[in-house]
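Asker: Based on what follows, work out the 3D shape:
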Amino acid sequence: MRASARWIARNLIRNGFPHNFRPRRLTEADPARLKSALGAPIIRDGIEGKSVDLYAKAAELTAQGKSFAVATVVRVEGSSSAQRGSKAIIDAQGKLLLGWAGGGCAESAVRHEALQCIKLQQPALITLDMTDEILGVGMPCGGKMDVYIEPVLPKPDLLIAGHGRIAETMAAFADLLGFRVIVNDPGAEPSSFPQAAQVVAQDFDLSQTPIGPNTYVVIATQHKNDHLWLQKALDGEAAYVALVASHYRAKLVLDYLAAERVPADKLARIFAPAGFDLGATTPEEIALSIVSQIVALRRGRTNRGLRPKEVSHDFETQDLQKSPASDKVITQCDAHTAD
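Answerer: Next up is the predicted model:
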């Protein structure tokens, strides 16, 4: 075995790695001798550089503020073209940018589910059944594999139009919750918003603070141009649009927008007055009610209180050897392509 290891190492150094070289084939040799001869760690499951490239690509997309998903093969049963630990990066358009998670319809299914995960902002565990030679996903490999898909999303933006104690407290809460805080108001002082990534005093045309589907907009302008801000937020398809105002003022503004022929479905998206009905009286409590409403909207919840639910503690009856329950089992090549 030792002679074989030396011979392999010497030939690799002299001739380089052949195109079909797979390091895991060397695991029967003496690891210490191979490590010494090659000057690099033994890699059992693939070329180390591929993982480095994948993580570098993920870092690049994150730095660019782009949404994407990482698909990881977590379990393989039987034969499969992908191995446990195989990874792939899928962008927000459903294109596989890097990596491998199976070919044919298996890849198509993973890409399709990745799009759904990005859209719903939720991870998923899917099972691809490749046992059916006619209807199975992809080539009839004769196996199954579980793929965990995790969306990687840029920080959501909280755009606060306004200044004052409510705005300052909202900024502090939102920063703790992982939002990128932007403040746009002529009266806003950077020293009052230390958590803000950006404080803009003159940008009513939104050239510096654009609004998009990942933007949550709270208007606390103290009745200065609030109707114009609402129109801009609606036009930008903001994820959340809220007006800090009394019931009386909120009705006046909404009536004005309706008279300006703003569609009713758009008006229905406005939370006015902003926030949950917590009985808030102080600026801090009002800020809490607004941020709570934003979190509930992001997570698909309402303001209903928590209720106790039954929890099973019968762990002895669980079969820990079984595959974890999948969110979806795909047995046919019927997934929509993500092209």
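Asker: Show me where the stretch 151-300 of the chain has its helices.
Answerer: Ranges of helices within the stretch 151-300 of the chain are 165-176, 226-235, 247-259, 264-267, 283-298, based on DSSP state H, counting those that start in this stretch.
Asker: Tabulate these (TSV), appending distance to residue 106, mean neighbour count and mean pLDDT.
Answerer: To be clear about C-beta, it is placed using only N, CA and C from the backbone, and glycine gets the same treatment. Listed next are the helices of the stretch 151-300 of the chain as TSV, based on distance: least, CB to CB, whole Å; neighbours: other CB atoms under 10 Å; pLDDT from 0 to 100:
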stretch	distance to residue 106	mean neighbour count	mean pLDDT
helix 165-176	40	22	96
helix 226-235	41	20	90
helix 247-259	49	14	91
helix 264-267	40	12	92
helix 283-298	32	19	95
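Asker: May I see the ones you listed organised as CSV, with distance to residue 218 added?
Answerer: Output for the helices of the stretch 151-300 of the chain, formatted as CSV (distance: least, CB to CB, whole Å):
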stretch, distance to residue 218
helix 165-176, 6
helix 226-235, 9
helix 247-259, 13
helix 264-267, 17
helix 283-298, 6
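Asker: right, so of those, which gets closest to residue 63?
Answerer: Of all the helices of the stretch 151-300 of the chain, it is helix 165-176 that lies closest to residue 63, at 19.8 Å by CB to CB.
Asker: where along the stretch 1-150 of the chain do the helices fall?
Answerer: 2-15, 31-38, 48-63, 104-120.
Asker: between the ones you listed, which has the poorest average model confidence?
Answerer: In terms of mean pLDDT, the lowest-scoring of the helices of the stretch 1-150 of the chain is helix 31-38 (a mean of 39).
Asker: ok, now how distant is residue 294 from residue 119?
Answerer: Here the criterion is CB to CB, to the nearest Å. By it, residue 294 lies 19 Å from residue 119.
Asker: Actually, residue 87.
Answerer: 21 Å.
Asker: what about the two, which has more around it?
Answerer: A direct count of neighbours by other CB atoms under 10 Å for residue 87 and residue 119 places residue 87 higher, at 20 against 11.
Asker: Could you check how many residues crowd around residue 65?
Answerer: 12.
Asker: mean confidence for stretch 130-147?
Answerer: Stretch 130-147 comes out at a mean pLDDT of 63.
Asker: Could you tell me the end-to-end distance of that stretch?
Answerer: 13 Å (CA to CA, to the nearest Å).
Asker: What's opposite the residue lying closest to residue 57 once chain neighbours are set aside in the beta bridge?
Answerer: Using CB to CB, 6 or more residues apart in numbering and skipping residues adjacent in sequence, the residue nearest residue 57 is residue 98, 5.0 Å away. Beta-bridge partners of residue 98, counted by DSSP bridges, are residue 89.
Asker: Tell me how many other residues crowd residue 261.
Answerer: 6.
Asker: next one: residue 268
Answerer: Around residue 268 there are 8 residues (other CB under 10 Å).
Asker: Likewise for residue 205?
Answerer: 9.
Asker: so residue 216 touches residue 294, yeah?
Answerer: Yes: in this structure, residue 216 is within contact of residue 294 by CB atoms under 8 Å, at 5.3 Å.
Asker: what is in contact with these two at once?
Answerer: Counting by CB atoms under 8 Å, 6 or more residues apart in numbering, the common neighbours of residue 216 and residue 294 are 158, 240.
Asker: Roughly how far does the closest residue to residue 216 other than its chain neighbours sit from residue 287?
Answerer: Distance criterion CB to CB, 6+ apart; nearest residue to residue 216, sequence neighbours excluded, is residue 240 at 4.1 Å. For residue 240, the distance to residue 287 equals 15 Å [CB to CB].
Asker: And residue 105, by the same measure?
Answerer: Residue 105 is 49 Å from residue 287, by CB to CB.
Asker: do residue 293 as well
Answerer: 11 Å.
Asker: just residue 86 next, same as before
Answerer: Distance from residue 86 to residue 287, by CB to CB: 46 Å.
Asker: Next: residue 237.
Answerer: Counting by CB to CB - residue 237 and residue 287 are separated by 25 Å.
Asker: In contact with residue 267, which residues?
Answerer: 254, 257-258.
Asker: ok, of these, which one's closest to residue 202?
Answerer: Using CB to CB, the contacts of residue 267 come closest to residue 202 at residue 257, 24.6 Å.
Asker: Would you confirm that the closest one contacts residue 231?
Answerer: Yes: because the distance of 7.0 Å satisfies CB under 8 Å, residue 257 is recorded as touching residue 231.
Asker: So what's the residue count around residue 178?
Answerer: Residue 178, neighbours per other CB under 10 Å, totals 8.
Asker: Skipping its backbone neighbours, what lies nearest it in space?
Answerer: residue 155 (6.0 Å).
Asker: is it true that that neighbour touches residue 175?
Answerer: No: contact criterion CB under 8 Å: residue 155 and residue 175 do not qualify, at 10.1 Å.
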